[in-house]
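Student: One predicted model, sequence on top.
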Amino acid sequence: MAASVAAAVAAAAIKAKLAAQGKLVGGGSALLPQQAPPPPPVGTAPPPGENPEDSSMAEIPINDISTSARTVVTRGPKQDEMGSLYGVALTTRGRYYPPGAERPDSGPDKPLHILVEAKTKEECDRAVEGINAVIEEASGGGGQGGGGG
């Protein structure tokens, strides 16, 4: 009988701790953690300003640029800096293909590129222009085409 009393005391202590942290549902009659609110129903409109149709995306091919330029623009700190500067999200996508290798046109194995996501076409275009300038500078002024392919 002592084991059941000890278990009841332990359960009460846990219940009191969870109640103090606000992690019990209802009156605390059950030891159920609070659940996050359910996601919005499928097909509902996104909040104002978050309409995906209002956004703009672009891909900057970087598979065939010089190795030094590719290294510069794929590093996290540089992408964070450029993303903050232009107000866009930058993601490196695809995989590297050496010159002459067969390449798919789409899918996850698409050649290496930077995906630019912006709220407006103007922001996207400004970011692409700026990133291309960084690529040209990092390539020694040679622009895109330092790798062949």
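Tutor: Ah, there it is. Numbering: from 1, shown residues only.
Student: so who does the most centrally placed residue in the chain touch?
Tutor: When C-alpha atoms, centre = their mean is applied to the chain, the residue found nearest the centroid is residue 91 (7.2 Å). Going by C-beta atoms under 8 Å, 6 or more residues apart in numbering, residue 91 touches 114-115, 117. All C-beta spots, glycine's among them, are computed from the backbone N, C-alpha and C.
Student: Name the member of these that has the highest neighbour count.
Tutor: residue 114 (23 neighbours; other C-beta atoms under 10 Å).
Student: doesn't residue 130 make contact with it?
Tutor: No. Counting by C-beta atoms under 8 Å, residue 114 stays clear of residue 130, with 11.7 Å between them.
Student: mind listing the helices for the protein?
Tutor: Per DSSP state H, the chain carries helices over the ranges 2-20, 67-74, 76-86, 121-138.
Student: I'd like to know how many residues surround residue 23.
Tutor: The burial count assigned to residue 23 is 13, neighbours taken as other C-beta under 10 Å.
Student: typo on my end, residue 82
Tutor: 18.
Student: Residue 58 too?
Tutor: Around residue 58 there are 17 residues (other C-beta under 10 Å).
Student: And for the one 5 residues further on?
Tutor: Close neighbours of residue 63, defined as other C-beta under 10 Å, add up to 20.
Student: One more: residue 109?
Tutor: Counted by other C-beta under 10 Å, the residues lying close to residue 109 total 10.
Student: just residue 135 next, same as before
Tutor: With other C-beta under 10 Å as criterion, residue 135 counts 22.
Student: just checking, it touches residue 69?
Tutor: Yes. Judged on C-beta under 8 Å, residue 135 makes contact with residue 69 at a distance of 4.8 Å.
Student: residues shared between the contacts of those two?
Tutor: residue 62.
Student: sorry, back to before: what's the per-residue pLDDT of the residue nearest to the centre of the chain here?
Tutor: On pLDDT, residue 91 comes in at 93.
Student: Please apply the same query to residue 113.
Tutor: At residue 113, the model reports a pLDDT of 93.
Student: Listing request: residues of this protein with sub-threshold pLDDT.
Tutor: 1, 24-54, 142-149 (pLDDT under 70).
Student: need the contact list for the closest residue to residue 68 other than its chain neighbours.
Tutor: Residue nearest to residue 68 in three dimensions, not counting chain neighbours: residue 138, with 5.7 Å by C-beta to C-beta, 6 or more residues apart in numbering. Counting by C-beta under 8 Å, 6+ apart, residue 138 makes contact with 66, 68-69, 71-73.
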